[in-house]
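Participant: just the structure for this:
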Amino acid sequence: MKILSFLFFSLFFSSLKAQSIPSEILRFPKIQSLEKRIPGEGANGSSCPSIIREAEEELKRYYSQFTDQKRIQDERDHKPQDYRKFDQNTVRLIDSAQRGQLLRSYFLRESPYLFRLHVVIGRCHSALGKSTHAVSHYTTAFRYASWELPLKEDPKQEKEKIYLAMNRVFADPERIKEEEVSQTRQDASRFPKELDQYFALKKEYSQAVREIDVQEAKAARGKKATVAQAIQERDSLKQKFESQTKVLENIRNTSYQSYLKRRNQFHADTAYRTAKDVKKLELENQIRFSSLNRSSFLRGRGIQAQIAEEDRTRLKNFTGYRALLQLAHKFDPTQLEYIRLLSDSFFQERFHRKALHFTSLYIQEAEQKKLPFTQVKSYYRRLGRIQTEKRNFLKATKAYEKFLQLDPEPSSREKAETMKYLADLYFKRTGGLAKADELYKNYLRIMKNENNPEPNSQELVAYRILNYKVFRNLSSIAAHFRNTQEEKENLEKAQAIFSLLEQEKEEAQKMLESIQKEIQSLKRQLLGTKNEELQDRYYRLQRIEVPPRKEKVEILTAKLRALRYPELLEKVAFLAYKERNWSKAEGIYREIIVRGSGKQAERAQKNLRKLELHWQDGRFRPLL
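Facilitator: So this is what the prediction gives:
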C-alpha cells in the first residue's frame with residue numbers, strides 16, 4: 001500500500017512539474033497558425049470569433065502555470081465595461097507616447113509570447129469592427145514589451161551601457177524561453193557568462209596596467225622589480241580582453257541586431273494598427289460632438305471661410321492617433337507609410353515645424369528608395385507651401401522648382417498651379433521679375449488649353465479671380481521693364497475679367513431680388529387664407545432658394561472688394577494721360593471717385609481738377 005501511495009504521489013507531482021515546463025506551455029506553431037488565419041484589410045471576418053476563442057484559450061493555458069494569476073483571470077480579459085471610453089492601459093500608453101517619456105510603471109516584463117497573443121486578439125477585434133476591444137488588447141500587449149533597450153543605438157553611447165541593457169532584456173531567462181530563433185536563443189543564453197568574463201578581464205587588465213607603474217617605481221628606487229614580467233602580463237590580458245570584447249560585439253552585431261530589428265518592426269506595426277483603431281474612436285467622438293454642438297461646429301462656413309479658402313468644419317485634432325503614429329515611427333524610423341501619415345496629420349493641424357520635418361524626411365527617404373515621382377510630387381508642393389507660411393521664401397522657391405524640374409508631364413493643371421505659386425513668390429518676395437513673367441505666361445498658356453469650370457459656379461469665379469491677379473501682376477512687371485504696350489494689354493484683360501465678375505454679381509443680385517419679390521407676393525396672398533401649395537412654395541423659397549443666392553451675392557461682393565480694382569484703374573488712367581487721351585483719363589478718374597475710398601478718391605479728385613485746369617489753359621500738370 002505504501003508503495004502504491006508513493007507511486008501515485010510521484011506520478012502526480014511529476015505531472016505538475018511537466019505542466020510548469022515552458023516548452024510544453026509555449027506553443028509557437030499555434031500562434032503562427034492563428035496569425036496566418038487572420039483576415040486581411042477589407043476581408044470577411046467570419047473566422048475571427050474562432051481565432052479569438054483559441055487565442056484566449058492559449059492565454060489561459062499560459063496563466064495556468066501561475067497559481068496567483070488564476071485568481072485574477074477575469075481581470076486579465078481586458079474587456080472594458082464602458083465601450084465608449086478607453087481603458088487605463090490605452091490612456092497610459094497614449095500619454096507616455098504623446099509626452100515622449102516611457103513610463104516604467106506601465107510595463108510588466110518582456111514577453112514576446114503574450115505580446116503576440118494579445119496582438120492576434122486585437123487584430124481580430126479590429127476586423128470585426130470592435131475598435132475599443134482591439135485597442136484594449138493592443139495596449140495590453142505593449143505592457144509585455146520592455147523599452148529599456150535603445151530603440152536606435154547612439155554611436156556616442158558607451159558600449160558597456162548597451163551591454164548592460166542587453167543583459168537586462170535580451171538575456172533575460174524568462175524571455176529566452178519564449179525566443180523562437182535557436183541561434184538567438186543560444187547567444188542570449190551565453191551572453192551573461194560572456195559579460196561577466198568581460199568585466200572580470202577588464203578588472204584584471206586595469207590592475208595589470210597599474211602594476212607596471214608599481215614595478216617601475218620600485219626599479220627607480222633601486223629595489224628588486226619585475227617590469228618585463230608586468231608588461232608581459234598586461235599584454236596577455238589585453239589580448240584576452242580584446243578577444244572577449246570581440247565575442248560580445250559579435251553577439252551584438254548578429255543575433256542581437258536581428259532580434260532588435262524583428263522586435264522593433266513588430267512593435268511598430270502594432271503601434272500603427274493601434275493608431276488606426278484609435279482614430280476610428282476619436283472620429284466617432286468628434287462626430288458625436290459636432291452633432292451636439294452644431295452651431296459651434298458649423299461656425300465659419302460663410303464669407304470669411306470662403307475668402308480664406310479654408311474648411312474649418314473638417315474633423316481634425318486626432319491627438320491619440322498622432323501620438324501613436326509617432327511611437328510607430330520611433331520604433332521603425334525608415335518606414336515611409338508612418339512618415340507620410342505623420343506629414344499629412346501635422347500639415348492638416350497646421351503644426352508647421354513638425355509638418356516641415358516629416359515632409360522633408362519623407363522626400364529624403366523616397367529619393368533614397370527611388371520611389372516613382374507620382375508618389376512624391378504632392379509633398380514637394382506641400383514643402384513649398386510650408387516654407388512659404390514659415391516665410392522661408394528662398395527654400396520655398398527651391399521646393400517648387402524641384403517639382404517643376406521632376407514633373408514629367410509637359411502641361412497639367414497641377415503643374416500650372418505650381419507655376420503660379422512660384423511666380424507669386426518671385427514677384428512678391430524674391431524679386432525675380434523675369435522668371436515671374438515667364439512662369440505667369442506659361443500658367444496662362446496651360447490653363448487656356450484646360451477645360452474651364454462650369455458656368456455660374458464657384459470654381460469659375462475662383463478661376464477668373466486668379467486670372468485677374470495674374471494679368472495685374474503681369475502689367476506691373478511690364479511697367480518695371482518699361483514695356484508700355486504689354487502693360488496696357490494686360491490691364492485691359494484684367495478689366496475685362498473684372499467686368500465679367502461684376503456682371504455675374506449683378507445677375508445673382510437680380511435673381512435674389514426677383515425671389516424676394518415673389519416671397520412678398522406670396523406673403524400677401526397667404527394673409528387670412530390657408531393654401532398648402534402656396535405655403536410649400538413660400539417656405540421653399542424662404543428656406544431653400546434664398547440662402548444660397550444670398551450667400552453667393554455676399555461672397556462675390558467680398559471678393560470683388562478684395563481685388564483692389566481702383567488701384568488698377570489708377571494705372572489705366574495714368575497710361576491714358578501719357579497717351580494724351582484726356583477724355584478717357586477723366587472718365588476713369590470719375591469712376592475711381594465712385595469706387596474708391598480714402599486716399600484713392602482724394603487723389604482721383606486732385607487729378608481730375610488738374611485735367612480740368614488743363615482743358616482751360618492747355619498747361620500740363622504732373623498727376624499724383
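Participant: wait, what's in contact with the spatially closest residue to L425 that is not a sequence neighbour?
Facilitator: Spatial nearest neighbour of L425, excluding adjacent residues (CB to CB, 6 or more residues apart in numbering): T397 at 5.2 Å. Using the backbone N, CA and C atoms, a C-beta is placed for each residue, glycine as well. Listed by CB atoms under 8 Å, 6 or more residues apart in numbering, the contact set of T397 reads 384, 422, 425-426, 430.
Participant: report the secondary structure element holding T397.
Facilitator: Assessed by DSSP states H and E, T397 sits inside helix 393-406.
Participant: sorry, back to before: separation between the residue nearest to L425 and M419?
Facilitator: To M419, T397 is 12 Å away according to CB to CB, to the nearest Å.
Participant: cool, and F351?
Facilitator: 28 Å.
Participant: who's more crowded, the two?
Facilitator: Higher neighbour count among F351 and M419: M419, with 24 against 14, using other CB atoms under 10 Å.
Participant: give the buried residues for the host helix or strand of that one.
Facilitator: M419 is located in helix 413-425, with elements delineated by DSSP H and E. Neighbour counts using 16 or more other CB atoms under 10 Å place 415-416, 418-425 of helix 413-425 among the buried residues.
Participant: mind putting those in a markdown table, pLDDT and distance to Q32 included?
Facilitator: Converted to a markdown table, those look like this (pLDDT from 0 to 100; distance: CB to CB, whole Å):
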| residue | pLDDT | distance to Q32 |
| --- | --- | --- |
| K415 | 86 | 49 |
| A416 | 87 | 53 |
| T418 | 89 | 49 |
| M419 | 90 | 54 |
| K420 | 91 | 55 |
| Y421 | 90 | 52 |
| L422 | 92 | 54 |
| A423 | 92 | 58 |
| D424 | 91 | 57 |
| L425 | 92 | 56 |
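Participant: for those residues, which one is nearest H118?
Facilitator: Nearest to H118, judged by CB to CB, of the buried residues of helix 413-425 is T418 at 47.0 Å.
Participant: how close does that closest one get to A436?
Facilitator: Here T418 is placed at a distance of 14 Å from A436 (CB to CB).
Participant: with P455 instead?
Facilitator: For P455 relative to A436 (CB to CB), the value is 31 Å.
Participant: assign G45 to helix, strand or coil.
Facilitator: coil (DSSP: H, G, I helix; E, B strand; the rest coil).
Participant: you'd agree it is up against R123?
Facilitator: No: applying CB atoms under 8 Å as the test, G45 and R123 come out as separate, 9.9 Å apart.
Participant: neighbour count: these two, which is higher?
Facilitator: Taking other CB under 10 Å, G45 and R123 do not tie; R123 has more neighbours (26 against 18).
Participant: list the contacts for that one?
Facilitator: Contacts for R123 (CB under 8 Å, 6+ apart) come out as 38, 134, 273.
Participant: counting neighbours, which of the residues you listed comes out on top?
Facilitator: A134 (26 neighbours).
Participant: helices of the stretch 401-550 of the chain, start to end?
Facilitator: 413-425, 433-449, 458-480, 484-525, 532-540, 546-562 (DSSP state H, counting those that start in this stretch).
Participant: nearest to D407, out of those?
Facilitator: Nearest of the helices of the stretch 401-550 of the chain (CB to CB): helix 413-425, 5.4 Å.
Participant: ok, and what's touching the closest one?
Facilitator: Applying CB under 8 Å, 6+ apart, the set of residues contacting helix 413-425 is 377, 381, 384-385, 388, 393, 396-397, 400-401, 403-404, 407, 409, 435-436, 439-440, 442-443, 446-447, 450, 466, 470, 473.
Participant: show the buried residues in those.
Facilitator: Looks like the contacts of helix 413-425 have 377, 381, 384-385, 388, 393, 396-397, 400, 403, 407, 435-436, 439-440, 442-443, 446-447, 470, 473 buried, using 16+ other CB under 10 Å.
Participant: and L164, how far is that from S255?
Facilitator: Separation of L164 from S255 (CB to CB): 17 Å.
Participant: point out where the stretch 501-624 of the chain drops to low pLDDT.
Facilitator: Within the stretch 501-624 of the chain, the ranges that satisfy pLDDT under 70 run 618.
Participant: angle of the helix holding T397 against helix 433-449?
Facilitator: Calculated by axes from the mean of the first three to the mean of the last three CA atoms, to 10 degrees, helix 393-406 forms an angle of 50 degrees with helix 433-449.
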